[in-house]
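# Quick one, structure for this:
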Amino acid sequence: MSRAGHRAERLADAADARLPVLEGGALLRKAFPEHWSFLLGELALYSLLVLIVTGVWLTFFFQPEMREVVYAGSYAPLRGVLMSAAFDSTLRISFDVRGGLLIRQAHHWAALVFVAAIGLHMLRIFFTGAFRRPRELNWAIGLTLFVLALAEGFAGYSLPDDLLSGTGLRIAQGIMLSLPVVGTYVAFFVFGGEYPGSDIITRLYPMHILLLPGALVALVTVHLILVFHLKHTQWRGPGRTGRNVLGKPLFPQFAAFSTGLALTVSGLLVLLSGLVQVNPVWNYGPYRPDLVSTGSQPDWYVGFLEGALRLVPPWETDFAGHTLMWNVLLPAVVLPGLLFAVLYAYPFVEQRLTGEWHREQHQCDRPRERPVRTGLGVAGTVFYAVLLLAGGNDIIAQTFRISVNALTWILRVALVVAPVLAFLLTRWLCRALTEAECERLAQGVPTGDIRQSVTGGYDDDHEPVERFRPGAPRRPLTGARTGTPSRTHRAPERPDR
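Got it, this is the predicted structure:
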């Protein structure tokens, strides 16, 4: 080959070597929207990182065993008490390991924030319509992450083997037994024999530190890859289309901002762990099957399940030698199954009903512009809130000195009536807000000046709208009923402020 040929080949190799650099440069310039609501997903991510770091530390000291030992640690009120090795190691972490109580509480607080952040992130996606094509798969992944987070939280909550978490396991065993035909076999398999068995802590431990975290990390990775591949949704505004994203580039602006958020989240979780006590297992004592702790309340994310169990009347059916416990099967198995089935199917159902399934949607809806969807979301939130309140009906009744039976019936009625009223009220508010906004765009903003016409009448003066919230329209929405004069002022196209 000639010298010119070798030179051309080297230039081609150099160009090929630069291709990844160019692709990496495009990746570093990827834009992220600046609105605060888009940070809820990052809040969940950084809470997960705190969970992993603190969880790894705790594995060095926790003993996932149910063999009985006599406590001889630093906590004097429990010395000489028979307990499981799991509870003994939890007390040792809390009182004898330097920094153990801080790390343990940081782990618990991070779990609470993690589940809450995922839930709020899912609500943001739902109310803004960010689940529509081509993001249906990412919606399903996010919902699966939420389910796994619930399971991971319950598994970790049960590991200390204290009286409160043992009560939760007893409820879980009752739910298993409510399954028709196979319930007894499922409970025997999970607990390794008659309740409480001797294997449940040993089986929950690998699920909590290996299987469920592995699934969470894998799904988070896929979720982030899809976010990068499909690009981020954004609010409508000047210069924003379905083919671009305006915001901070990944590097260096967004990377620096996100790093600051990660450090802030970590610092606040550690500060919260040092100042606010959570899950003081030494006050509950070790688990005993013949005892139930007074005022037992689970972590908030499974409180709705506790509330559903308390609200359903004691219905039973005897059939072919089997007893169906409807008061356990319906609230603990059927209700959660239907709830998550509806959530998984909702993106596809809505897009079919609205005719949006055949085109991609890259811009967010404002909740007021989708009154039916927003009404359904608020109704579901109210439904969840009633169940959450019902989960603590005994505490509420004792605090406010009212009958727990009367409160239970009030919550039963509210569970049916309140979501319907919330839907109707929310739909009306959304339509009213949209019409008021259209009227404001059509007439302008009152200046406070009054003018007298030549006929002697008075009229207030208006000026064009110049300030807009994120995603707000710059002109009246098509088909909106404003009841205003046909005279309109078109607002200048300015960035959102």
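# Quick one: residues contacting the residue nearest to Gln297 when sequence neighbours are not counted.
Spatial nearest neighbour of Gln297, chain neighbours left out: Gly392 (5.7 Å); criterion: Cβ to Cβ, 6 or more residues apart in numbering. Where C-beta positions appear, they are placed from N, C-alpha and C, glycine not excepted. Taking Cβ atoms under 8 Å, 6 or more residues apart in numbering as the criterion, Gly392 is in contact with Gln297, Gly303, Gly307.
# can you list the weak-confidence ranges in this structure?
For the chain, the stretches with pLDDT under 70 are 1-26, 294, 466, 469-471, 474-497.
# again, only this time at 50
Counting by pLDDT under 50, the chain contains low-confidence ranges at 1-2, 4-22, 479-497.
# ok, back up a step: so how far is Gly295 from the residue nearest to Gln297?
For Gly392, the distance to Gly295 (Cβ to Cβ, to the nearest Å) stands at 8 Å.
# who wins for neighbours among the contacts of Gly392?
For the contacts of Gly392, the largest number of neighbours (other Cβ atoms under 10 Å) sits with Gly307, at 23 neighbours.
# Let me know whether it touches Leu388 as I believe.
Yes: Gly307 lies in contact with Leu388 (Cβ atoms under 8 Å); the separation is 5.9 Å.
# Setting aside sequence neighbours, what's the nearest residue to Trp139?
Spatial nearest neighbour of Trp139, excluding adjacent residues (Cβ to Cβ, 6+ apart): Phe131 at 3.9 Å.
# could you pull out the strands for the stretch 251-400 of the chain?
Listed in chain order, the strands of the stretch 251-400 of the chain (DSSP state E, counting those that start in this stretch) span 316-319, 322-325.
# Please enumerate the helices of the stretch 1-150 of the chain.
3-28, 40-59, 85-95, 100-128, 136-158 (DSSP state H, counting those that start in this stretch).
# by contact count, what packs against the fourth one?
Put plainly, it is helix 100-128. Applying 3 or more Cβ pairs under 8 Å, 6 or more residues apart in numbering; DSSP states H and E, we find helix 100-128 packed against helix 40-59, helix 85-95, helix 136-158, helix 255-275, helix 371-390.
# For Gln173, find the nearest of those helices.
helix 136-158 (11.3 Å; Cβ to Cβ).
# can I assume Pro213 is in contact with Ile52?
Yes: contact criterion Cβ under 8 Å: Pro213 and Ile52 qualify, at 6.9 Å.
# And the two? Which one has more around it.
When Pro213 and Ile52 are compared for neighbours, Pro213 comes out ahead with 19 against 16, by other Cβ under 10 Å.
# Now do the helix or strand encompassing that one against helix 100-128, angle only.
Using DSSP states H and E, Pro213 maps to helix 212-230. Between the axes of helix 212-230 and helix 100-128, defined by axes from the mean of the first three to the mean of the last three Cα atoms, to 10 degrees, the angle is 40 degrees.
# Contact partners for the closest residue to Val222 other than its chain neighbours?
Distance criterion Cβ to Cβ, 6+ apart; nearest residue to Val222, sequence neighbours excluded, is Ile141 at 6.1 Å. Listed by Cβ under 8 Å, 6+ apart, the contact partners of Ile141 are Leu219, Val222, His223, Leu226.
# how close does Ile141 sit to Leu389?
Counting by Cβ to Cβ, the separation of Ile141 from Leu389 is 31 Å.
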